[in-house]
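Student: Sequence first, predicted coordinates after that:
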Amino acid sequence: MRNIRDPKEEFIVSDCNVKIGNVTLKNRLIAAPMAGISDRPFRALCCQMGAAMAVSEMLLANTDIWHTDKSALRMVSKDEEYIRAVQIVGSDPQEMALAAKLNELNGAQLIDINMGCPAKKVNKKLAGSALLQYPKLVEKILSAVVKSVNVPVTLKIRTGWDKANRNYLDIANIAQDCGIAALTIHGRTKACLFGGEAEYESIRQVKEHIHIPVIANGDITSPQKAKAVLDYTGADALMIGRAAHGNPWIFEQIAHYLQHGIVLQQKTLKQKAPLIMQHVGALHALYGEYKGLRIARKHISWYLKGYTDGEYFRRLFNAIDHADEQFIALEAFFNKLN
C-alpha cells in the first residue's frame, strides 16, 4: 500500500460543494459520528468551526429503548441550525427502516447507516462492521431503509472484516444498486480497529468503481494530510473523527487550506478559551448539572492536552462537583495565560 504523506509542494485545489441526494454541503468536510462524543453541542461546535455537516452518534434501531434519556439526547431536533444527519445501527431490516422513518419524522434531513463500528458490544449483535460478513443481509437492510424515507440515505463501512476478507468493492456496488446516496469508507478492517495506517488505496479503488459520492475516513489529522488524501483517493469529501477531539478548529484549518493553499496559524489557548467555555455551557444546558459537568471533564482533558499546566489543572477540574465552579476554575485558568 502506498503511503500518504503531507506534501510540501504547492498544489492548488479549490474547495467545492458536495451534493448528497438533495442535501448540499458547503464544503468537503464532515464531522464523524462518534459514540459518546458527537452530541448536539459537539456537532454544533464542529459546524461552527467549518464542518459542512456533523453526523450524530449512532442511535440503536431498537425503538423500544428510545424512551430512555440516553436515546432521547442522541436524537436530532428540528430546531437545530445545521444539517440534521442521524446515524442508525442495527441488523434487522424492518427495524432499521422504522428507525429511519421515525428519525425523518423527527426532523432528520439525512440518515446514515453504521456498518463500520468495530466495538464488540455492537458486533456481537450482528451490527456495525459485523454485517460486512453477510452481503445479502446488507442488501436487505439498505433496500429497506432507502425505501422507507424521502431523505438521502448514506452508508459508512470499513474495508472488510479482516485483511483476508476485504469485500469493500462488493459492498460498495450493493450500496449503489440499493440507492445509497453516498458511501463513507474508514480505511481499515474491523480487525484493525484503529491500529496501523489507513488503506487509502482501497478508498481509491472504490471511487474508481462507483459513481455515487465517496467520503474518505481515517487518519486525517492535518490540512496537508487532508489535501493529500483527497488527491490520492479522488474522494468527494472527507470525514474527520478522532482528530477533532479537543480540536474542532481542524475543520476551519482544513477548509482554509483547501481553498487558499495557506496553513492558518494555530490559535493560542487563550484565543480558544471563549469557544471552550461555550462548549462547557452547552453541555450543562443539555444534560443538566450532574451529567453535564462529568461529560465536560473529558472534553477539557482533550482541549488542554499538551499545554503547560494542563495536566495539573485537569486533575483539579475533575474533582469539581458543581457546574458553576467549573466555570470559575476555567476562567481563572485562562486568565493566568500570557
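Tutor: Perfect, thanks for sending it. Numbers count the residues shown, from 1 in each chain.

Student: Name the nearest residue to residue 293, ignoring sequence neighbours.
Tutor: Spatial nearest neighbour of residue 293, chain neighbours left out: residue 323 (5.1 Å); criterion: CB to CB, 6 or more residues apart in numbering. C-beta here means a position set from N, CA and C on the backbone, and glycine is covered the same way.

Student: How about residue 256?
Tutor: residue 264 (5.1 Å).

Student: For the stretch 1-150 of the chain, which residues score under the pLDDT cut-off?
Tutor: 1-16, 65-67, 69-72 (pLDDT under 70).

Student: which residues in it form helices?
Tutor: Per DSSP state H, counting those that start in this stretch, the stretch 1-150 of the chain carries helices over the ranges 40-48, 69-74, 93-105, 120-123, 135-148.

Student: how about those in JSON lines, adding distance to residue 190?
Tutor: As requested, those are exported to JSON lines (distance: least, CB to CB, whole Å):
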{"stretch": "helix 40-48", "distance to residue 190": "25"}
{"stretch": "helix 69-74", "distance to residue 190": "23"}
{"stretch": "helix 93-105", "distance to residue 190": "19"}
{"stretch": "helix 120-123", "distance to residue 190": "7"}
{"stretch": "helix 135-148", "distance to residue 190": "14"}
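
Student: can you tell which of these is closest to residue 234?
Tutor: Nearest to residue 234 among the helices of the stretch 1-150 of the chain is helix 135-148; the distance by CB to CB comes to 23.3 Å.

Student: Please report the number of neighbouring residues for the residue nearest to residue 293.
Tutor: 19 (other CB atoms under 10 Å).

Student: Contact partners for it?
Tutor: 284, 289, 292, 293 (CB atoms under 8 Å, 6 or more residues apart in numbering).

Student: which residues sit in contact with the third one?
Tutor: Pointing back at residue 292 there. For residue 292, the contact set (CB under 8 Å, 6+ apart) comprises 283, 284, 285, 286, 323.

Student: Go again with 6 Å.
Tutor: 283, 284 (CB atoms under 6 Å, 6 or more residues apart in numbering).

Student: Could you do the first one as well?
Tutor: Going by CB under 6 Å, 6+ apart, residue 284 touches 292, 323.

Student: In a strand, it, correct?
Tutor: No - using DSSP: H, G, I helix; E, B strand; the rest coil, the assignment for residue 284 is helix, not a strand.

Student: Pull up the gap between it and residue 303, please.
Tutor: The gap separating residue 284 from residue 303 is 16 Å, by CB to CB, to the nearest Å.

Student: Go through the contacts of residue 323 and name the one with the lowest pLDDT.
Tutor: Among those, residue 289 carries the lowest pLDDT, at 91.

Student: what number of residues lie near residue 222?
Tutor: Residues within reach of residue 222, counting by other CB under 10 Å, total 16.

Student: next one: residue 94
Tutor: 14.

Student: Number of residues surrounding the nearest residue to it once chain neighbours are set aside?
Tutor: Closest residue to residue 94 apart from its sequence neighbours, by CB to CB, 6+ apart: residue 144 at 6.2 Å. The number of residues packed near residue 144 is 18, by other CB under 10 Å.

Student: Now do residue 144 against residue 137, distance only.
Tutor: In terms of CB to CB, residue 144 sits 11 Å off from residue 137.

Student: Strands of the stretch 201-338 of the chain, residue ranges please.
Tutor: 214-217, 237-240 (DSSP state E, counting those that start in this stretch).

Student: Can you convert those into CSV and add a column each for mean neighbour count?
Tutor: Output for the strands of the stretch 201-338 of the chain, formatted as CSV (neighbours: other CB atoms under 10 Å):
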stretch, mean neighbour count
strand 214-217, 26
strand 237-240, 24
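
Student: okay if I get these as JSON lines plus mean pLDDT and distance to residue 127?
Tutor: Output for the strands of the stretch 201-338 of the chain, formatted as JSON lines (pLDDT from 0 to 100; distance: least, CB to CB, whole Å):
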{"stretch": "strand 214-217", "mean pLDDT": "98", "distance to residue 127": "18"}
{"stretch": "strand 237-240", "mean pLDDT": "98", "distance to residue 127": "20"}
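
Student: Throw the ones you listed into CSV and include distance to residue 20, thanks.
Tutor: Output for these, formatted as CSV (distance: least, CB to CB, whole Å):
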stretch, distance to residue 20
strand 214-217, 9
strand 237-240, 9
